[in-house]
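Engineer: one predicted model, sequence on top.
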Amino acid sequence: MCLGGRLYGRLCCDKPQRDEVSVPLVGVKTTAHIVDYTAEVTLKQRFENVEKDPIEAVYSFSLPEGAAVCSFEAFIDGRNIEGIIKEKEKARETYDDAIAAGHGAFLLEEVTEKKNVFQASVGNLPPQKEAIIIIKYVVELNVGSDKSINFSLITTQGHPSSSKSEIFHVPLYNPKESELINYGLNVEIFLNMSSPLKTAHSETHEIKIDEVGKNQAKILLVNSPELPLSKNFEMSIVLVDPHIPSVKVQQNQQSGEKAALVSLFPDQETEDVYTEMVFLIDRSGSMAGTKIANVRNTMELFLRSIPEGTLFNIVGFGSNHETLFSNGSAEYNAKTLETASKYVKSILSNLGGTNILSPLKAILKEKPKDGIPRQLFILTDGQVENSKECLDFVKKNASTTRIFTFGIGNDVDVDLVKGLAKSGNGFSEFVKDNEVKTIDGKVLKQLKRALQPALTDLSLEWTPDLKISRYSPMILPPLWGDARLVIYAYLAADSKPGELTISAKSVRGEFKARTVVDPSNVTPGDAVLKLAAKSIINELEENFKKKFKKDIIKTSVENNVLSKYTSFVAVDKR
């Protein structure tokens, strides 16, 4: 579980009768404020137009699932242009009209066809000038299986091959502000946690930790101006007590309405559970060679490690799909193990293209057996065209099936593999071509995760004094032993302190947890307000009906949070 955004991009020149010209990304500065399990991230990216003429440029980037983009601005030739949110069609009209009139214009929108991908258009970018694009978003940080909070920045893809000697170092905003965005990766992270900080560490970069107060710290990259953008940044945060409930309340300064974030991480007792395991194996042509060999190795280890009595099945897919046990999952015993082992040894990458959506629908649309949780393990390189449709479908069915993924190969689609697991409340692992020795540990780690107990049939009860007008999510998925429950609620301005009671079923009987929510204890900032709005928008988008479109646009505009029906637009009059 991590915060992952691609801090890369090219502003690609869009000029008629000319080849595409890249406007290089020459520097990135990231500032992240992490409060418990939420992060507020500001990306400052510096691009350079080396063309001799003004250009219209396009900049694409991806952000983690659930990220609420809440600010977009640009600095061009010392001018600051802030974006405002409009309905997508109206924003496009504003942008086109400005370009036609010779003004500068900026547009930021979510790409409809792709999950978590955004596109910024920069019109009439002056020649021999730099563009500073600043994007702010807030996002939830989930807990890893080791109870750590993982923060990551993906920087490796799409990085231009500019050399340091070619970069011009100029002020970001105006001569009064001397801050620079130097070439390379610059990261500042500020922590403010409910629990004391036990440690923070990075396996990818050398970091420096300065404790600045109780439960607070500042983290910097060592030698950051010289660090290249060719290596992902990953960091784990370990708390002394990760199970402390977290309640944050923030207030809309204009309407007076308050939003609360309630985060619970119950300390469930570890106890293996009787379960059903379905293995979905990619047997498309792209899996030929080392990939399919690693799939066989992974599956052979799974078959030797499954607890006796587990229900299991294997589905291979390519252009179509085939199922080992055609009558449904079979009980794991000596006979079914022998059958499955023979099948696994014989599998080849001979089923054509990569149509993963069809078997996903076939598996997830079938109702799980009563009282038996279902786990789906997906082994794939993720090379599909309809990734957004796959992720949306998985998320809609997350209440019935938990998903664990293995990304196979060196050219795996990381976003899809991670996205399927995250959407299915599970975890992802990756097996590169030369990492056959690591398979054992990764398989055992995923099995341990899958066999954890869960809280099911969750329900919420708010005391009347809280005056809850709306909360999200409305549909609560099972809460697994390594997962955290996050609830957003809107409260009236005159709400009084009260309690939230969460009830559920567990392997040991009824479960109840109570948390005090004090609306008067307002913390500064607006991250909770933005995340609450985004949670509602996501629910409406995932359960889309035509009547919801107006609600989505209204929530997006009122809260300044981007949606697939709205865009940020700004005009630089010249």
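Structural biologist: That came through fine. If you're wondering where the values come from, they're calculated on a predicted model, not measured in any experiment.
Engineer: what about the strands in the stretch 451-574 of the chain?
Structural biologist: Along the stretch 451-574 of the chain, counting by DSSP state E, counting those that start in this stretch, strands occupy 454-462, 468-472, 479-480, 485-491, 498-506, 509-517, 566-572.
Engineer: please name every helix or strand in contact with the shortest one.
Structural biologist: So the one you mean is strand 479-480. Under the contact definition 3 or more C-beta pairs under 8 Å, 6 or more residues apart in numbering; DSSP states H and E, strand 479-480 sits against strand 454-462. To be clear about C-beta, it is placed using only N, CA and C from the backbone, and glycine gets the same treatment.
Engineer: if we go to 10 Å?
Structural biologist: strand 454-462, strand 498-506 (3 or more C-beta pairs under 10 Å, 6 or more residues apart in numbering; DSSP states H and E).
Engineer: would a markdown table of those strands with mean pLDDT and distance to residue 238 be doable?
Structural biologist: Output for those, formatted as a markdown table (pLDDT from 0 to 100; distance: least, C-beta to C-beta, whole Å):
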| stretch | mean pLDDT | distance to residue 238 |
| --- | --- | --- |
| strand 454-462 | 87 | 24 |
| strand 498-506 | 90 | 25 |
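Engineer: dump those to CSV, plus distance to residue 302 and mean neighbour count.
Structural biologist: Converted to CSV, the helices and strands packed on strand 479-480 look like this (distance: least, C-beta to C-beta, whole Å; neighbours: other C-beta atoms under 10 Å):
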stretch, distance to residue 302, mean neighbour count
strand 454-462, 21, 16
strand 498-506, 27, 17
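Engineer: how much space between the closest residue to residue 306 other than its chain neighbours and residue 323?
Structural biologist: Distances taken as C-beta to C-beta, 6 or more residues apart in numbering place residue 332 nearest to residue 306, at 5.1 Å, with adjacent residues excluded. Per C-beta to C-beta, to the nearest Å, residue 332 is found 16 Å from residue 323.
Engineer: again with residue 446
Structural biologist: Relative to residue 323, and taking C-beta to C-beta, residue 446 is found at 21 Å.
Engineer: between these two, which is the more surrounded one?
Structural biologist: residue 446 (24 against 17; other C-beta atoms under 10 Å).
Engineer: roughly how far does residue 327 sit from residue 314?
Structural biologist: From residue 327 to residue 314 the distance is 14 Å (C-beta to C-beta).
Engineer: of those two, who's got more company?
Structural biologist: residue 314 (23 against 7).
Engineer: which non-adjacent residue is nearest that one?
Structural biologist: Distances taken as C-beta to C-beta, 6+ apart put residue 324 closest to residue 314, at 4.2 Å, once the chain neighbours are dropped.
Engineer: on that earlier part again, and the pLDDT at the residue nearest to residue 306?
Structural biologist: pLDDT for residue 332: 95.
Engineer: I'd like the distance between it and residue 308.
Structural biologist: From residue 332 to residue 308 the distance is 6 Å (C-beta to C-beta).
Engineer: quick one, which of these two is more surrounded?
Structural biologist: More crowded of residue 332 and residue 308, by other C-beta under 10 Å: residue 332, with 18 against 9.
Engineer: give me the element residue 420 is part of.
Structural biologist: helix 414-423 (DSSP states H and E).
Engineer: pLDDT on that helix, on average?
Structural biologist: 87.
Engineer: then that helix to CSV, C-alphas only?
Structural biologist: Extracted in CSV, the C-alpha atoms of helix 414-423 (Å, rounded to 0.1, in the frame of the first residue of the first chain):
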residue,chain,number,x,y,z
VAL,A,414,3.2,-1.9,-12.7
ASP,A,415,0.2,0.4,-12.5
LEU,A,416,-2.2,-2.4,-13.5
VAL,A,417,-0.7,-5.1,-11.2
LYS,A,418,-0.6,-2.7,-8.2
GLY,A,419,-4.0,-1.3,-9.1
LEU,A,420,-5.8,-4.7,-9.3
ALA,A,421,-4.4,-5.6,-5.8
LYS,A,422,-5.3,-2.2,-4.3
SER,A,423,-8.8,-2.2,-5.9
